[in-house]
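*Asks:* sharing a sequence plus its predicted fold:
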Amino acid sequence: MIHGGRNHVLDPKEQLDILLEDVVEAIKEDELLEKLERACREERPLRVKQGFDPSAPDLHLGHAIGLRKLKQFQELGHTVVVIIGDYTGMIGDPSERAETRPRLTHQEVTEHAKTYQEQLYKIVDPARTEVRMNGEWFSQMSFADVMDLAGRYTVARILERDDFARRFQNQQPISIHELFYPLMQGYDSVAIRADVELGATEQKFNCLVGRELQKAYDIEPQIVMLLPVLEGTDGVKRMSKSTGNYIGIAEAPREIYGKTMSIPDSSIPRYFELGVGLKGRELAAVRDRLESPEENPRDLKRELARRLVSLYYDEQEARAAEEEFDRVFRKRGLPDEIPEPSIELRGQEDRSAVWIVPLLKAAGLVKSNGEARRLIQQGGIRVDGEQVTDVDYTVSLDRPLLLQAGKRRFARALPDRVRLLQEDA
RNA sequence: GGGGGGGUUCCCGAGCGGUCAAAGGGAACAGACUGUAAAUCUGUCGGCGAAGCCUUCGGAGGUUCGAAUCCUCCCCCCCCCA
């Protein structure tokens, strides 16, 4: 994973060309070139920042776009500074207005940070990475410091942000601390003296505030590099953990493979481009093949899924994931690993005639007896491969049983993992 | 500080004394069809061994044979005026 710096071989102009690949917008390119030239001249690597929200510590394909760019910087000899927004996380994110998010405890934040690092280093070189939590500086600020920070920006400028502007226009509430978020993110850049900040296009405003704040603190302003946003597996909304439409880079190979197979056809080129990192002629070839009547889009998607698994594991895992996928979903076979939960049943006396409904619940395949009944009525339950049609069906637990709910949920009921409990007296 | 409008099941949103476990839509889940694609169709979508019963409509009380619906107090949100 570790790559030696190539900055000795590449001159600033060449670096710039590489760094601007796949970038939607860079503010400003000429300043970036100047910074690169100086870095080269003074042999002082640039500090390249990207921030992450600590509330959802699973990095996904969307994050990977930025991470790959960070890695490019590293390969050119620069330093990456990853900011984990623990302080903002402990306050609670105001942008999700519907539910007040539970504030994270310090311990949770620390654990999340650890998870982040592990996942981060699947792509980024740890030797050239600083991971910083912004509580490091925010927790040290006094109210006077906060007022000082607030005094360096104006309401009018904050209200330029389109969502604030819209809410203001529509007379919807904006709480004061929300206005602070861009300032806080921007101050991170001041605190770590960022030369470059990476962000998705929707981060444009916040990143630019960083630039302005740096000027206000008499620091050379950072370059803002905006990267494209990848849509989630639903093909519509931006990939994010909270929407549940994400493919995590630390997920098991079969999950990555399976989730990829569920994306709509229309997203295939985008995933090749932003997920795999394909470009130019190869990407054009993918588009052509998708158009071609000869080609079944499914096969293109299989290739995509294999490549994504290969990226985060290896080709062997990719092949294994594909085989398993074919077996489970195309041939309706069984996955490699089937959970064997310990099962505790109440009110069942005879092991040789256990009612199926509570058994499914105890095995963790359904949430309630009602759900079990529903699935049976809808033909979604199988025992040893046989569809169960009778809600009153009973099974013998004297030997292992294979339970299946829907297409994806499997569990094995093993006799020695089953306990019959007395009904509560 | 004054006036007005709201808080309904995962989300949006109807209901405004019994026929309400609560319309409609979305999401989700299952089934059919498939390529775990899209589109479509069907069904389900609080809990209970399912009969009926229990818990749900911001919170606590109250009126009533009966309350999501009426009253009182409280909490929260939004708008207008100051």
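*Replies:* Great, that's in hand.
*Asks:* let's verify residue A:122: helix, strand, or coil?
*Replies:* Three-state assignment for residue A:122 (DSSP: H, G, I helix; E, B strand; the rest coil): coil.
*Asks:* check what pLDDT the closest residue to it other than its chain neighbours gets.
*Replies:* For residue A:122, ignoring the flanking residues on the chain, the nearest one in space by Cβ to Cβ, 6 or more residues apart in numbering is residue A:249 at 5.8 Å. Every residue, glycine included, has its C-beta placed from N, CA and C. Note on residue A:249: pLDDT of 91.
*Asks:* so residue A:267 sits against residue A:231, correct?
*Replies:* Yes: counting by Cβ atoms under 8 Å, residue A:267 does reach residue A:231; the two are 6.0 Å apart.
*Asks:* OK, contacts around the most centrally placed residue in chain A?
*Replies:* Closest to where the C-alpha atoms of chain A average out (Cα atoms, centre = their mean) is residue A:60, at 2.7 Å. Counting by Cβ atoms under 8 Å, 6 or more residues apart in numbering, residue A:60 touches A:239-241, A:246-249.
*Asks:* could you rerun that using 7 Å?
*Replies:* Contact partners of residue A:60, counting by Cβ atoms under 7 Å, 6 or more residues apart in numbering, are A:239, A:241, A:246-249.
*Asks:* and the helices in the stretch 1-150 of chain A?
*Replies:* Secondary structure of the stretch 1-150 of chain A (DSSP state H, counting those that start in this stretch): helices at A:12-20, A:29-42, A:61-75, A:86-91, A:106-120, A:135-138, A:143-150.
*Asks:* please parse chain A into its domains.
*Replies:* The record assigns chain A these domain ranges, following automatic domain parsing: A:12-227, A:253-330, A:343-421.
*Asks:* is the shortest one anywhere near RNA strand B?
*Replies:* Yes: Domain A:253-330 comes into contact with RNA strand B when judged by Cβ under 7 Å from any atom of the strand, the residues involved being A:254, A:257-259, A:261-265, A:296-298, A:301, A:325, A:329-330.
*Asks:* by neighbours, which of these wins?
*Replies:* Scoring these on neighbours with other Cβ atoms under 10 Å, the highest-scoring entry is residue A:257 at 25 neighbours.
*Asks:* quick check: mean pLDDT of the one helix or strand that residue maps to?
*Replies:* Applying DSSP states H and E as the criterion places residue A:257 in helix A:253-261. For helix A:253-261, mean pLDDT is 91.
*Asks:* that helix: what's the following helix or strand?
*Replies:* helix A:268-270.
*Asks:* helices and strands around that following helix, which ones?
*Replies:* Identification of packing neighbours for helix A:268-270 by 3 or more Cβ pairs under 7 Å, 6 or more residues apart in numbering; DSSP states H and E yields helix A:280-291, helix A:297-312.
*Asks:* right, so these: which one is the most enclosed?
*Replies:* Ranked by mean neighbour count, the helices and strands packed on helix A:268-270 are led by helix A:297-312 with a mean of 19 (mean count of other Cβ atoms under 10 Å).
*Asks:* neighbours around the closest residue to residue A:417 other than its chain neighbours, how many?
*Replies:* Excluding the flanking residues, the one nearest residue A:417 by Cβ to Cβ, 6+ apart is residue A:342, at 4.6 Å. When counting by other Cβ under 10 Å, one arrives at 13 neighbours for residue A:342.
*Asks:* repeat that for residue A:250.
*Replies:* 15.
*Asks:* for it, give me its contacts.
*Replies:* So residue A:250 contacts A:58-59, A:119, A:122 (Cβ under 7 Å, 6+ apart).
*Asks:* name the residue of the stretch 201-350 of chain A that lies nearest to RNA strand B.
*Replies:* residue A:258 (1.8 Å; Cβ to the nearest atom of the strand).
*Asks:* circling back: and the closest residue to the residue nearest to the centre of chain A other than its chain neighbours, what does it touch?
*Replies:* What sits nearest to residue A:60 in space, not counting adjacent residues and going by Cβ to Cβ, 6+ apart, is residue A:246, at 4.0 Å. Neighbouring residues of residue A:246 by Cβ under 7 Å, 6+ apart: A:60, A:232, A:239-240.
*Asks:* switch to 8 Å and redo it
*Replies:* With Cβ under 8 Å, 6+ apart, residue A:246 has these contacts: A:58, A:60-62, A:232-233, A:239-240.
*Asks:* which pair in those spans the largest distance?
*Replies:* A:58 and A:233 (14.0 Å; Cβ to Cβ).
*Asks:* of these two, which one has the most company?
*Replies:* Neighbour count, other Cβ under 10 Å: between residue A:58 and residue A:233, residue A:233 has more, with 23 against 16.
*Asks:* is it true that that one touches residue A:259?
*Replies:* Yes: Residue A:233 lies in contact with residue A:259 (Cβ under 8 Å); the separation is 5.5 Å.
*Asks:* any common contacting residues for the two?
*Replies:* Common neighbours of residue A:233 and residue A:259 (Cβ under 8 Å, 6+ apart) are residue A:247.
*Asks:* show me where the stretch 101-250 of chain A has its strands.
*Replies:* Taking DSSP state E, counting those that start in this stretch to define them, one finds strands in the stretch 101-250 of chain A at A:129-133, A:196-200, A:223-227.
*Asks:* now tabulate the ones you listed in CSV and tack on mean pLDDT.
*Replies:* Shown next, in CSV, are the strands of the stretch 101-250 of chain A (pLDDT from 0 to 100):
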stretch, mean pLDDT
strand A:129-133, 91
strand A:196-200, 93
strand A:223-227, 94
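*Asks:* need the ones you listed in CSV with mean neighbour count and distance to residue A:207, can you?
*Replies:* Formatted as CSV, the strands of the stretch 101-250 of chain A follow (neighbours: other Cβ atoms under 10 Å; distance: least, Cβ to Cβ, whole Å):
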stretch, mean neighbour count, distance to residue A:207
strand A:129-133, 17, 17
strand A:196-200, 24, 5
strand A:223-227, 23, 4
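*Asks:* between these, which one is nearest to residue A:419?
*Replies:* strand A:129-133 (45.1 Å).
*Asks:* that closest one - contacts with which helices or strands?
*Replies:* In terms of contacts (3 or more Cβ pairs under 8 Å, 6 or more residues apart in numbering; DSSP states H and E), strand A:129-133 is packed against strand A:79-84, helix A:106-120.
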